[in-house]
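K.L.:
take this sequence and fold it.
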Amino acid sequence: MNAHTPDSFEWTDLDRRAVDTARVLAADAVQKVGNGHPGTAMALAPAAYTIFQKVMRHDPADPEWTGRDRFVLSPGHTSLTLYTQLYLAGYELELDDLKAFRTHGSKTPGHPEYGHTAGVETTTGPLGQGVANAVGMAMAARYERGLFDPEAPEGDSPFDHTVWAIVSDGDLEEGISAEASSLAGYQKLGNLVFVYDDNHISIEGDTATAFSEDVLKRYEAYGWHTQRIEPAADGDIDPHALYTALRTAQAETERPSIIAMRTIIAWPAPNAQNTETAHGSALGADEIAATKRVLGFDPERSFEVADEVVAHSRKALDRGAEAHSAWDKRIDKWRGAQPERAKLFDRIVAGQLPEGWEQSLPVFEEGSSVATRAASGKVLQSLGTVLPELWGGSADLAGSNNTTIDKTSSFLPKGNPLPEADPYGRTIHFGIREHSMAAEMNGIALHGNTRVYGGTFLVFSDYMRNAVRLSALMQLPVTYVWTHDSIGLGEDGPTHQPVEHLASLRAIPGLNIVRPADANETAIAWAEILKRHATKPAPHGFALTRQGVPTYALNSDAARGGYVLKDSSTETPEVVLIATGSEVHLAVEAREQLEAEGVGTRVVSMPSVEWFEEQPREYRDRVLPPSVKARVAVEAGIGLTWYRFVGDAGRIVSLEHFGASADAKTLFAEFGFTAENVAAAARESLAAARG
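P.N.:
Have a look, this model is predicted:
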């Protein structure tokens, strides 16, 4: 892992000056823009500096180096904690970027944004998300090792690295952190280290207003290795004690580790320290000047950085180059010993799929009745034989979601008694932790070198929504397998029957929802998602049926999001029926009725509105001719999605209320999801179009 030991730690006057420089830069940056969070960045400067300069393996010249450790700043509001260290270490940030903090177009937005600023490993804004992202990264690191170098002794593989995270009181109050930390302890993620900023301050004042548990006992109960370091005599973080704790945590490979450290927010501001106002407000010119006097800086100068401080801190570039070079030698040695795994590594890093992989996709017999959740399960099991990088699981609903890619291989730590347990296993058991599952999947995707999916019922996407939104914000190639997609799930009743969910999820920019009509569309959709992994990275959410639906002939145009499934008997259709998922067969049956009446009727299956809207105008107009004003959209959920497709003369067969507890056949008939009702809506639309 790293040759340094607690005894090798050095802390010079230049180190102290660099930390104090980070403090005054944080205060100045917030003061300049007039808003932000200076206090925590001031307090955490010694911790962040120690991690970046003394402990973490990273190369500022190559922020995406495969062999690097990962760093997550979970309390994203204290983004200056990270930005100042990126600047000091020699990433792409310079002093002008800190001066542009929180301004439009700058590299230093209010919360760190993945893909926007070099060295930012994840977008952290909502508290607790970074905690779960870090857990996902640690899971991915273990699975990556299993793909490429499973036999290597602990610490000897070029794929061994540490995930470091700073977490706050606010993070640990959020429920998602409990979910993720519980899983991390159970999984024995010994490559994960949390540094807990125990500053006792939140926006409403002392955390005693709402938070009192013994955090370390809580984490001990989760199965974590715990430590607490005491502050230095002046109340500041003791860097020697922190370094020793960090190295001790890194050496603990059987359990994840958490280090609690009592900090004083806004230290050493004479009047603002230890106050809630320092959390989210500029300190003010007088207080900043007073702080600079305490630290030995010129109170008349802003953004003061001594040349010798930058020269000292940017030795991180030299250390990074040295670590990178040493890693290159290790990876070259590994390549020589493992040529086939090296080929796999190169393919996966390049985002490529193996030659001939599509031949593994099943083709389902036309006319058979197959639930799309079942079809998805068969696709996953088939893909598993040719894509070792594909892995995932479910929030304790694998049997219902059909998300078990390999029944003989479960991602479980050494010592687990289950016969399928394997620390490098394919099937993840997330437990009943939907919210953290989604955020952990984000962390897995952010880590890179694997492809992840995770399942639960569509109605429980509500639990996941915040993390799903961040998937879209970061454009991460994660796949959500949401099943039981409508009132068709039946007797479980309205608490489990999604109504508003499809429209609500489609409202998230950058999230692609895929609701296939049948088994063959499901296979095509999985293939399209895999192809998009490298070329058009984005999160995808399947909406899959519990009940069997008719299977139609394979049509590759399903990958375009919308296509003509059944065309009109007339050259130009008189009416177009648009449907998704389990309602497509109703549109097909309605077409038969209308055609028997002499009405030229086209059925358009639209498994993905988002994919369809990516298509050229010429294709979209060919599928939905603008001249055809009579249109009906059919979907067993609220109709919000479909108004823009059907127009003024169109009709929507939808569900604008909650469901009920009954079998699927009864509910579909009760709420108007019948071929007869679809045909009647088409007649109404025809009459309206004719005026």
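K.L.:
and His116, how far from His37?
P.N.:
Using Cβ to Cβ, to the nearest Å, His116 is found at 18 Å from His37. C-betas here are computed from N, CA, C, even on glycine.
K.L.:
compare the two (neighbour count), which wins?
P.N.:
His37 (25 against 13; other Cβ atoms under 10 Å).
K.L.:
and the more buried one, what is it in contact with?
P.N.:
Applying Cβ atoms under 8 Å, 6 or more residues apart in numbering to His37 gives the contacts Val30, His77, Thr78, Ser79, Leu80, His279, Gly280.
K.L.:
so how do I select the buried members of these in ChimeraX?
P.N.:
Applied in ChimeraX, the following selects the buried portion of the contacts of His37 according to 16 or more other Cβ atoms under 10 Å:
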select :30,77,78,79,80,279,280
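K.L.:
now, among the contacts of His37, which is nearest to Phe668?
P.N.:
Phe668 lies nearest to His77 out of the contacts of His37, by Cβ to Cβ, at 47.8 Å.
K.L.:
pretty sure the closest one sits against Ser202.
P.N.:
No. Using Cβ atoms under 8 Å, His77 is not in contact with Ser202, being 11.1 Å away.
K.L.:
wait, Asn248 sits on Arg228?
P.N.:
One thing to correct before we go on: residue 248 is Thr, not Asn. No. Contact criterion Cβ under 8 Å: Thr248 and Arg228 do not qualify, at 12.0 Å.
K.L.:
so for these two, which residues contact both of them?
P.N.:
When Cβ under 8 Å, 6+ apart defines a contact, no residue borders Thr248 and Arg228 alike.
K.L.:
show me the shaky parts of the protein.
P.N.:
Where the chain drops to pLDDT under 70, the residues are 1-7.
K.L.:
could you redo the last one with a cut-off of 80?
P.N.:
Along the chain, the model assigns pLDDT under 80 to residues 1-8, 200-206.
K.L.:
so the spatially most central residue of it: helix, strand or coil?
P.N.:
Nearest to the mean C-alpha position of the chain, counting by Cα atoms, centre = their mean, stands Asn442 at 2.1 Å. Put simply, Asn442 is helix when judged by DSSP: H, G, I helix; E, B strand; the rest coil.
K.L.:
got it, and Ala269?
P.N.:
Put simply, Ala269 is coil when judged by three-state DSSP.
K.L.:
I'd assumed Lys292 was in contact with it.
P.N.:
No. Contact between Ala269 and Lys292 fails when scored by Cβ under 8 Å: they sit 9.8 Å apart.
K.L.:
ok, Thr253 - contacts?
P.N.:
Residues in contact with Thr253 (Cβ under 8 Å, 6+ apart) are Glu154, Gly155, Gly190, Asn191.
K.L.:
is it true that the second one lies in a strand?
P.N.:
Going back to what we said before, that points to Gly155. No. Going by three-state DSSP, the assignment for Gly155 is coil, not a strand.
K.L.:
pull the CA coordinates from the longest helix that the chain contains and hand them back as PDB.
P.N.:
In the chain, with assignment by DSSP state H, the single longest helix is helix 315-337. Provided in PDB are the C-alpha atoms of helix 315-337 (Å, rounded to 0.1, in the frame of the first residue of the first chain):
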ATOM      1  CA  LYS A 315       6.300  18.700  -4.200                       C
ATOM      2  CA  ALA A 316       3.100  16.600  -4.300                       C
ATOM      3  CA  LEU A 317       3.700  16.600  -8.100                       C
ATOM      4  CA  ASP A 318       7.100  15.000  -7.600                       C
ATOM      5  CA  ARG A 319       5.700  12.500  -5.100                       C
ATOM      6  CA  GLY A 320       2.900  11.700  -7.400                       C
ATOM      7  CA  ALA A 321       5.200  11.200 -10.400                       C
ATOM      8  CA  GLU A 322       7.400   8.900  -8.200                       C
ATOM      9  CA  ALA A 323       4.400   6.900  -7.000                       C
ATOM     10  CA  HIS A 324       3.000   6.700 -10.500                       C
ATOM     11  CA  SER A 325       6.300   5.500 -11.900                       C
ATOM     12  CA  ALA A 326       6.600   2.800  -9.200                       C
ATOM     13  CA  TRP A 327       3.000   1.700 -10.000                       C
ATOM     14  CA  ASP A 328       3.800   1.600 -13.700                       C
ATOM     15  CA  LYS A 329       6.600  -0.900 -13.000                       C
ATOM     16  CA  ARG A 330       4.300  -3.000 -10.900                       C
ATOM     17  CA  ILE A 331       1.600  -3.000 -13.600                       C
ATOM     18  CA  ASP A 332       4.200  -3.900 -16.200                       C
ATOM     19  CA  LYS A 333       5.300  -6.900 -14.100                       C
ATOM     20  CA  TRP A 334       1.600  -7.900 -13.700                       C
ATOM     21  CA  ARG A 335       1.100  -7.600 -17.500                       C
ATOM     22  CA  GLY A 336       3.900 -10.000 -18.100                       C
ATOM     23  CA  ALA A 337       2.600 -12.500 -15.600                       C
END
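K.L.:
next one: Ala232 from Pro60, what distance?
P.N.:
Look at Ala232 and Pro60: by Cβ to Cβ, they are 28 Å apart.
K.L.:
what of Gly393?
P.N.:
Relative to Pro60, Gly393 is positioned 36 Å away (Cβ to Cβ).
K.L.:
more neighbours: which of the two?
P.N.:
Legend: neighbour count by other Cβ under 10 Å for Gly393 and Pro60, higher for Gly393 (27 against 24).
K.L.:
would you mind checking the contacts of Thr253 for buried ones?
P.N.:
Among the contacts of Thr253, those scoring as buried are Gly190, Asn191 (criterion: 16+ other Cβ under 10 Å).
K.L.:
coming back round to it: between Ala269 and Lys292, which has more neighbouring residues?
P.N.:
More crowded of Ala269 and Lys292, by other Cβ under 10 Å: Ala269, with 27 against 22.
K.L.:
and the more buried one, what does it touch?
P.N.:
Applying Cβ under 8 Å, 6+ apart to Ala269 gives the contacts Ala27, Gly39, Met42, Ala278, Leu283, Glu287, Ile288, Ala290, Thr291, Val294.
K.L.:
quick check: phi and psi on Ile229?
P.N.:
The phi and psi values for Ile229, taken as degrees, to the nearest 10, are phi -110, psi 140.
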